[in-house]
Structure formats: structure tokens, C-alpha cells
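*Asks:* How does the following fold in three dimensions:
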Amino acid sequence: MSLLNELKKKAPDLEFELPNGTPVIRLGLIVTLYFREGYSLESKNTIIECFRKFRAEFKQNLNSQMYKRYGKLTDTSFAKAASSILKTDPNEQYHWQMASAETAFSAPEFCISTSNSPEVHGDRKRSYLKVILPWHYLHQPNGVENYHNWVLHLCNETKADHGYGGLSTILPYDYHSYAPMEFQLATQYPGLEVDSLIANFKRELLDSTKGVNWYTIISNRLLGKLGGVENFCSTVKPHTNLELFIYDHGVIIRAGSFPELGTPEYLPSAYVDINSIVKPLRISNPDQLQTYSPDNITFDQKSSALWYSRFDALDSPVKAPSRIEAGRACTISGYWYSPAKANSRRYFEQGQLMPEFKGSSWGATLWYWSGEE
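*Replies:* Just a heads-up that it's a prediction; the model follows:
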């Protein structure tokens, strides 16, 4: 079975809708780039052009805009946001997003978002640009090539310092209620990028990277820590499962022909290979990946550290049992929770039937592993 067909088969288990049909969890294809001096007028003009290009290509899919408030995306609202950003003070921070989701409570299929860094912070904070596409974008004619061209274009335009691209769990703009599901899915599929708290990474990822995924982007500046561009390329080239591409300010590495979800028992070999090469650049003491969830089911400091190191060895330390439907037997003794009811976390013995919460606004009751303690 091809990797894309495997994704097609697994995608329904990685997506979730509320009973009213609102999608709150999607499987997406992302690219996230961190860059410097987002406060400059040159950078602001660059970001506006990136947004303009994204809107030109995906206009029929884009419905909303978030700039100071969530609203409908129109020619007028786009022009007003762009004009306002150009007038912002260098020490003024702005956030801008265009998305397919019509409200802040729905997970988008298409999205472009950015947040800059104030001049007063100097080189102590990064700006970011993030693009979200549906995972099945790769199924379209020339889908991989088109995605690659977007990554290359955005890297060149932003003068990317570092970044990553691949599969990720996509949450609504108002994402906090669904952080437990992001946590659960990430423990089952190491190829999923945990990227909901991207604003926090701006403060952490200064002279280090977050890690690797299908695409890994590293600037010439950071490659200096690995002996320079030529040394790095010569190290990568013997790995036939890794492809090298040059952008104006660094190197892009693609791990395999298509992105992979992987499992704790099977880590994509190409991801493991590129991780072994660029691991010295990875942040050594990261903060936790999430900071809040309604039932306190979240990435804490320990599980965050394990996630960052998930490709360090063939035996992944991040493991979790699969979710269980109500009415089925518990597969392993320990604590489980269900998003169908607040404060549902409780202990179940192996073989015990999992209860159902009828009438929940979440719809079907699904139970997720929450640890042994």
C-alpha cells in the first residue's frame, strides 16, 4: 500500500466533528517558518505579498480573517488589514490570519497566519509564518511539487531561519478544548507535528530548532554549528532517503517522497536519519508543548521532552494505547478520559466496559489514555 493510500485509510481516525457537523480536528499539511526582524517595513511588505499570493491561489477556499477581531474575508477587509500592518510601529506586535473556517470554533482546511516580533526585543524573539493545507492536497496532480514550491517560495521570501513541514493535527483558532485530542494523537503518531502553541516557540527557538519532520528547513547561519553548508550537505548525501534543496539563505531537507504518520513501534526511517544529523541544533531545554486543557490532559514537561526526542531511537518513548469506543472493554488498566464529558478522567481495570455519555454535545463517547497515575 502506498503512503498516500495509508494516509487516506487512517485520516478518518485523525479527524473529529461535533454532532452539528462542525469539524474541530483535522489532519493537515503544514509548513511553519521562523524568521528574524519581523518588525521591519521590508518584512511587513514581504508578509503581505505572501498573504496576497496565498489568497490568489486559494481564494475560493478562504472565508475568514483574523486581524484584531475575527470577521469575514473580503477584498475590503484584506486591504484594510494590509494597510494597517504597514502603519504599525516597529515595537507594535501584530497577528494576522486568513482561513477557510468561517468561525473561530471550526478547524480550517486552508489557512495562512503570522505574528511578528517587536523591535525592542531585538534578536531575542522570532516571527513566524505558517501555512495549512488539507492533507489530500498531495493527492492532487502535481500536489507534492506544488507544496514543495510553496515551501521554497516562503523560505526565500521570509529569509527563513529555520522551520518544518509535514502532517499535523489542525485545531480551531479557539483550540484549548481540543488540546487533549492533539496530545492523544501525537502520542500515537510521531509524524504528527504538535504546533498549536506556535506563539510560545517564537520565544524559545532563537539559536536552536524544534526538530524534524517531512521537511526540515535550516539557515546557513545555524548550519555553521554543524560545520557549515558544505560539510552538512556531504553528511546528508549518502542517505538515499533524504533529498537536499537549496534556498537563498539555507537548506531544505525532505525526508522521503511523502510524509508519514509512523507509530511508536515504527518510526519513519528517513525522519530518524535526518534527526540523527541535525539533533545538535534541537532545543536542549524546551518548555512544555501545551499549557492548558480543561481536564488537565496535556503535554507536561516530561511528555514534552519525550515528544521532542521521539526520533532519537528506534524504540520511541512516546507510547499510548489506542482510543476505545463506549461499550468496548478497556484494553489496559489505568486512567482514561473522554472529551464527551468534563472531568471524566477515571481509573479503569483491563476488561472493564467503557461507559457512554448519552446526549453529549460531542456526540459519540470515545475514551483516551491518560496514564497510569
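
*Asks:* And stretch 21-41, what's buried?
*Replies:* For stretch 21-41, burial by neighbour count (16 or more other CB atoms under 10 Å) applies to 23-39. (Glycine included, C-beta is placed from N, CA and C.)

*Asks:* how about the helices of the stretch 101-250 of the chain, start to end?
*Replies:* With DSSP state H, counting those that start in this stretch as the criterion, the stretch 101-250 of the chain has helices at 143-158, 179-188, 198-204, 220-223, 229-236.

*Asks:* got any ranges where the stretch 151-300 of the chain has weak pLDDT?
*Replies:* 292-296 (pLDDT under 70).

*Asks:* Now do the host helix or strand of Ser304: which elements does it pack against?
*Replies:* Taking DSSP states H and E as the definition, one finds Ser304 inside helix 301-308. Judged by 3 or more CB pairs under 8 Å, 6 or more residues apart in numbering; DSSP states H and E, the packing partners of helix 301-308 are helix 179-188.

*Asks:* Ser113 is in contact with Gln97, isn't it?
*Replies:* Yes: checked against CB atoms under 8 Å, the pair Ser113 and Gln97 is within contact range at 3.9 Å.

*Asks:* Leu27 and Met181, how far apart?
*Replies:* 12 Å (CB to CB, to the nearest Å).

*Asks:* any common contacting residues for those two?
*Replies:* Shared contacts of Leu27 and Met181 (CB atoms under 8 Å, 6 or more residues apart in numbering): Thr169.

*Asks:* got the domain boundaries for this protein?
*Replies:* 3-320, 322-373 (automatic domain parsing).

*Asks:* Tell me which of those sits most buried.
*Replies:* domain 3-320 (a mean of 18; mean count of other CB atoms under 10 Å).

*Asks:* now it: how far from the chain's centre is it?
*Replies:* Averaging C-alpha positions (CA atoms, centre = their mean, to the nearest Å) puts domain 3-320 4 Å from its chain's average.

*Asks:* who's in contact with the nearest residue to Ser127 once chain neighbours are set aside?
*Replies:* Spatial nearest neighbour of Ser127, chain neighbours left out: Gly38 (2.7 Å); criterion: CB to CB, 6 or more residues apart in numbering. Gly38 makes contact with Lys44, Ile47, Thr114, Ser115, Asn116, Ser117, Arg126, Ser127 under the criterion CB under 8 Å, 6+ apart.

*Asks:* Could you identify the most distant pair in these?
*Replies:* By the measure CB to CB, Lys44 and Arg126 form the most distant pair in those, at 15.4 Å.

*Asks:* ok, then the element right after the longest helix seen in the chain?
*Replies:* In terms of residue count, the longest helix belonging to the chain (DSSP state H) is helix 41-58. Later in the chain than helix 41-58, the nearest helix or strand by DSSP H and E is strand 64-67.

*Asks:* Any regions of the stretch 1-150 of the chain where pLDDT drops low?
*Replies:* Looking at the stretch 1-150 of the chain by pLDDT under 70, you get 1.

*Asks:* Which neighbours do Ser113 and Gln97 have in common?
*Replies:* Met66.

*Asks:* Give me the helices and strands touching the helix or strand hosting Val251, please.
*Replies:* Using DSSP H and E, Val251 sits within strand 250-255. With contacts defined as 3+ CB pairs under 8 Å, 6+ apart, the packing partners of strand 250-255 are helix 143-158, strand 215-219, helix 220-223, helix 229-236, strand 242-247, helix 269-278.

*Asks:* Dead centre of the chain: give me the residue that sits there.
*Replies:* Asp195 (3.4 Å; CA atoms, centre = their mean).

*Asks:* I'd say that residue and Leu167 touch.
*Replies:* No: using CB under 8 Å, Asp195 is not in contact with Leu167; the gap is 10.4 Å.

*Asks:* what sits in contact with each of those two?
*Replies:* Ile30.

*Asks:* Now distance to Ala255 too, for the helices and strands packed on strand 250-255, in a markdown table please.
*Replies:* Listed next are those as a markdown table, based on distance: least, CB to CB, whole Å:
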| stretch | distance to Ala255 |
| --- | --- |
| helix 143-158 | 13 |
| strand 215-219 | 7 |
| helix 220-223 | 17 |
| helix 229-236 | 10 |
| strand 242-247 | 6 |
| helix 269-278 | 4 |
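
*Asks:* Tell me which of the ones you listed sits nearest to Gly71.
*Replies:* That would be helix 143-158 among these, by CB to CB, at 25.0 Å.

*Asks:* That closest one relative to helix 41-58, how many degrees between them?
*Replies:* Interaxial angle, helix 143-158 versus helix 41-58 (axes from the mean of the first three to the mean of the last three CA atoms, to 10 degrees): 160 degrees.

*Asks:* Start the count at 168 instead of 1 going forward.
*Replies:* All right, first residue 168 from here; so that's helix 310-325.

*Asks:* Residues touching helix 310-325, excluding its own?
*Replies:* So helix 310-325 is in contact with 196, 198, 200, 202, 210, 213-214, 216-217, 220, 296, 298, 300, 304-305, 307, 327, 330, 332, 382, 384, 412, 414-417, 419, 421, 424-425, going by CB under 8 Å, 6+ apart.

*Asks:* likewise stretch 423-434?
*Replies:* 169-171, 173-174, 177, 181, 196, 305, 311, 333-334, 354-359, 380-381, 408, 435, 437-438, 477-478, 481, 483, 485-487.

*Asks:* mind redoing it with 6 Å?
*Replies:* For stretch 423-434, the surrounding residues in contact (CB atoms under 6 Å, 6 or more residues apart in numbering) are 170-171, 333-334, 356-358, 381, 408, 435, 437, 478, 483, 486.

*Asks:* quick one: which two of those are the most distant?
*Replies:* Leu171 and Lys486 (25.8 Å).

*Asks:* export the strand holding Val418 as PDB, just CAs?
*Replies:* Extracted in PDB, the C-alpha atoms of strand 417-422 (Å, rounded to 0.1, in the frame of the first residue of the first chain):
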ATOM      1  CA  GLY A 417      19.900  27.900   3.700                       C
ATOM      2  CA  VAL A 418      19.000  24.200   3.000                       C
ATOM      3  CA  ILE A 419      15.700  22.300   2.900                       C
ATOM      4  CA  ILE A 420      15.800  18.600   3.600                       C
ATOM      5  CA  ARG A 421      12.900  16.300   2.500                       C
ATOM      6  CA  ALA A 422      12.700  13.000   4.400                       C
END
